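I would like the atomic coordinates for the input below:
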Amino acid sequence: MAASQRSSGRAFRRYFLWLAVPFTVAMLLVSFLNTWVNPLWLTPAPWSDPGFAEYKPIHKYPRSGKAGLVRSGKWDTVMLGSSRVDIAFDPTLPQWQGRKVANLALRGGTLNEHLAMLTYAASHQKIDLAIIGIDLADVTNPITIPAGSGFDESPLAESNDEVERELRYISGVSTFVQTVKCMNYRFGKKPRLAAYSPEGQWVRQLDKRPLRQVLEKESFRWVDIFTRQRKASLEVKTAKTDALHGILKLCREKNIRLILCIPPNHAAYLTGFRLKHDPDPCFRTDRDAFTKVLADEAAAHPGGPQVELWDFNDFHPLNCEPLPPDSDHFAQYWADGTHALPSLGKTMLSRMMGWPVEDPKGADYGEKLDRSTLDARIQHIADGYERYKIEHPEDYRWVQENMEKFDR
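Below is the predicted model:
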């Protein structure tokens, strides 16, 4: 009986080793490949190959990928916001003069996510400058973390088991899938660069449709959706203003210079809100909330650093760029109704940073906004709308015709 038990034990051990050894070898190989390729910037190692920098497919997991950039790089300047910043703000401009700049903006990003990203960046890097785009309509939107955004799987989210999460990044199947994709981008039969640059800007795989088509099929549809939501409620959400307070507090404590900006929309998009009878087409509610947070923080901390809020969202001529005919794929400054191209982003950065403005049309682009200038700013926007109708009558009629489709 004893001999039989010993024989069974040896057979079990052989069987276990037969299973365990190949599994262990496979896991070690996967872990090596995941750290060698470092597809989402999350698994840097001494043997990581920098040759993959232009091929990382972080567009599928931007929250993880941008957090990975924080881990894998050396930065002193970060730019945060939604896809408006993601596309428009170039971290490689020569005007940065040696600064190490990362574009950490997130598609669909909210104020709550901006705070999470800035907190993560400030805990891993010596950041001394943050430029953050804060979108109109965010403070009245109850969504703090967009569903399905990948935030909870990223290092930005608090975790009860960080060891398990890190092991998943190193040895997980989902990371390995991105490793294979990254290797295919670089070594496949048809190599192609990734959507994002190594500094985090969304520079490739953008919408190639004509501007008018994107406005007609998407931008105006969102105007209709947003206006219906805003007619139901324009309540400023405490979770959003608390997040903005948190951003200012973090920058004050970490001695980070903070510049906030309201990114622009094209005049055609802004016109849609007025034609749909939006209850607050100048977005005074949002601007009031932004400036109140800044004023409250300044009053509570009179010795703290000054925070600038730049407002680019109006009917300035750059935002009223004539709509090209359908046969033209690109405007000079606009990808669609809500996303400015880097050509306009450069002017925005130049104005905020005090660089020479190379585009003569942009010398007066944007205004600093605070409580004392709020009323004048709202009137300026209202006057700009009336001027747009007169100076761009064909574009205005085209917007009218398209917005009327939603009333049928």
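
which residues of the chain fall in helices?
2-37, 62-72, 83-88, 111-124, 162-171, 173-187, 211-214, 220-232, 238-254, 267-275, 284-300, 342-353, 374-391, 393-404 (DSSP state H).

right, so of these, which gets closest to residue 260?
helix 284-300 (7.4 Å; C-beta to C-beta). C-beta: built from backbone N, CA, C; applies to glycine.

neighbouring contacts of the closest one?
The contact list for helix 284-300, computed with C-beta atoms under 8 Å, 6 or more residues apart in numbering, reads 134, 136-140, 234, 236, 240-241, 244-245, 248-249, 252, 260, 262, 304, 306-307, 309, 311, 369-371, 374, 377-378.

How about stretch 42-55?
Under C-beta under 8 Å, 6+ apart, the answer for stretch 42-55 is 32, 34-39, 64-65, 67-68, 71-72, 155, 169-170, 175, 182-183, 185-186, 191-194, 197-198.

ok, now stretch 376-389?
In contact with stretch 376-389 (C-beta under 8 Å, 6+ apart) are residues 267, 270-271, 274, 281-282, 284, 287, 311, 313-316, 320, 367, 369, 396.

Centre of the chain to that stretch, how far?
28 Å (C-alpha atoms, centre = their mean, to the nearest Å).

Where does the prediction get shaky in the stretch 201-350 of the chain?
Applying pLDDT under 70 to the stretch 201-350 of the chain picks out residues 327-329.

What subset of the contacts of stretch 42-55 is buried?
When neighbours are counted using 16 or more other C-beta atoms under 10 Å, the contacts of stretch 42-55 contain these buried positions: 34-39, 64-65, 67-68, 71-72, 155, 169-170, 175, 182-183, 185-186, 194, 197-198.

about what we covered before: pull out the buried members of the contacts of stretch 376-389.
Using 16+ other C-beta under 10 Å as the burial test, these include 267, 270-271, 274, 281-282, 287, 311, 313-316, 320, 367, 369, 396 as buried.

out of the residues you listed, what pair is the most spread apart?
Taking C-beta to C-beta, the two most distant members of the buried ones among the contacts of stretch 376-389 are 369 and 396; they sit 26.2 Å apart.

ok, so what distance separates residue 26 from residue 166?
Note on residue 26: its distance to residue 166, by C-beta to C-beta, to the nearest Å, is 19 Å.

Equivalent analysis for residue 126, please.
Residue 126 is 23 Å from residue 166, by C-beta to C-beta.

Those two: who's more crowded?
Neighbours per residue (other C-beta atoms under 10 Å) separate residue 126 from residue 166, with residue 166 holding more: 15 against 12.

nearest to residue 146, of the helices of the chain?
Closest approach to residue 146 among those is made by helix 111-124 (8.1 Å; C-beta to C-beta).
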